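Peer 1: pasting the structure only:
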């Protein structure tokens with residue numbers, strides 16, 4: 001029940017009730033997309049924290065997946081490292097589960113400077129897409145000693161989709177923002 005309430009609160013905070021897309025300003029879209037990206041950053045920190053209980057990590061994974069278009073089942077997260085030249089891609093559910101299995105005894109992942117939204121582009125299926133940019137600071141520790149750190153500039157693709165919400169026995173169409181693929185731009 002607690003998770004349903006949280007999910008509904010998140011949905012309501014990122015949905016635009018009773019508005020035509022034309023009335024949804026770029027700033028409103030940007031604010032909603034940035035808020036979802038920040039929420040994902042918090043969930044990633046919770047999941048990757050070795051002191052997080054298995055139950056809390058599982059809850060954070062579920063909540064993180066709710067932020068994604070089609071629950072992340074078709075979305076990818078790219079990961080990189082300063083120790084290798086290739087960039088790896090994982091489906092979002094796999095990426096989130098792998099966070100808990102990292103070889104470090106402690107992990108800190110911080111997202112900052114979430115910004116730079118692009119214009120919305122209408123897609124053939126009636127959705128709209130855009131993107132935002134974030135910077136991710138990653139630190140990996142072994143027995144209290146920092147053994148790896150990097151900063152990665154990432155682009156998060158975002159989908160704006162009209163969905164049905166039942167409220168007081170009445171169904172209403174709303175525009176909601178979902179995260180999609182997350183790609184690596186640069187790592188240093």
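Peer 2: Arrived safely, thanks for sending. Because the structure is predicted, anything quoted here is derived from the model rather than measured.

Peer 1: quick one: low-confidence ranges for this protein?
Peer 2: For the chain, applying pLDDT under 70 flags the ranges 1-26, 116.

Peer 1: what's the longest strand in it?
Peer 2: When the chain is parsed with DSSP state E, its longest strand is strand 145-167.

Peer 1: residue 45 contacts residue 106, doesn't it?
Peer 2: No: shown here, residue 45 and residue 106 do not form a contact pair, counting by Cβ atoms under 8 Å, at 11.6 Å. Using the backbone N, CA and C atoms, a C-beta is placed for each residue, glycine as well.

Peer 1: give me the neighbour count for residue 95.
Peer 2: Using other Cβ atoms under 10 Å, residue 95 has 22 neighbouring residues.

Peer 1: surely it is in contact with residue 77?
Peer 2: Yes: the pair residue 95 / residue 77 is scored as a contact, 4.1 Å apart, by Cβ under 8 Å.

Peer 1: centroid residue for the protein?
Peer 2: Residue closest to the average C-alpha location in the chain (Cα atoms, centre = their mean): residue 40, at 3.9 Å.

Peer 1: can you point out the buried residues in the helix or strand hosting it?
Peer 2: Using DSSP states H and E, the element containing residue 40 is helix 26-48. In terms of neighbour count (16 or more other Cβ atoms under 10 Å), helix 26-48 has its buried residues at 29-30, 32-37, 39-41, 43-48.

Peer 1: quick one, helices of this structure?
Peer 2: Taking DSSP state H as the criterion, the chain carries its helices at 2-14, 26-48, 54-66, 92-99.

Peer 1: quick one: the second one to strand 145-167, angle?
Peer 2: Using axes from the mean of the first three to the mean of the last three Cα atoms, to 10 degrees, the direction of helix 26-48 lies 130 degrees away from that of strand 145-167.

Peer 1: how far off centre is stretch 49-69?
Peer 2: Averaging C-alpha positions (Cα atoms, centre = their mean, to the nearest Å) puts stretch 49-69 12 Å from its chain's average.

Peer 1: buried residues, it. List them.
Peer 2: Of all the residues in stretch 49-69, those buried under the rule 16+ other Cβ under 10 Å are 49, 52, 57, 59-61, 63-69.

Peer 1: save these as JSON lines, and put in distance to residue 174 too.
Peer 2: What follows is the buried residues of stretch 49-69, written out as JSON lines (distance: Cβ to Cβ, whole Å):
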{"residue": "49", "distance to residue 174": "33"}
{"residue": "52", "distance to residue 174": "32"}
{"residue": "57", "distance to residue 174": "30"}
{"residue": "59", "distance to residue 174": "25"}
{"residue": "60", "distance to residue 174": "25"}
{"residue": "61", "distance to residue 174": "25"}
{"residue": "63", "distance to residue 174": "20"}
{"residue": "64", "distance to residue 174": "21"}
{"residue": "65", "distance to residue 174": "20"}
{"residue": "66", "distance to residue 174": "16"}
{"residue": "67", "distance to residue 174": "16"}
{"residue": "68", "distance to residue 174": "18"}
{"residue": "69", "distance to residue 174": "15"}
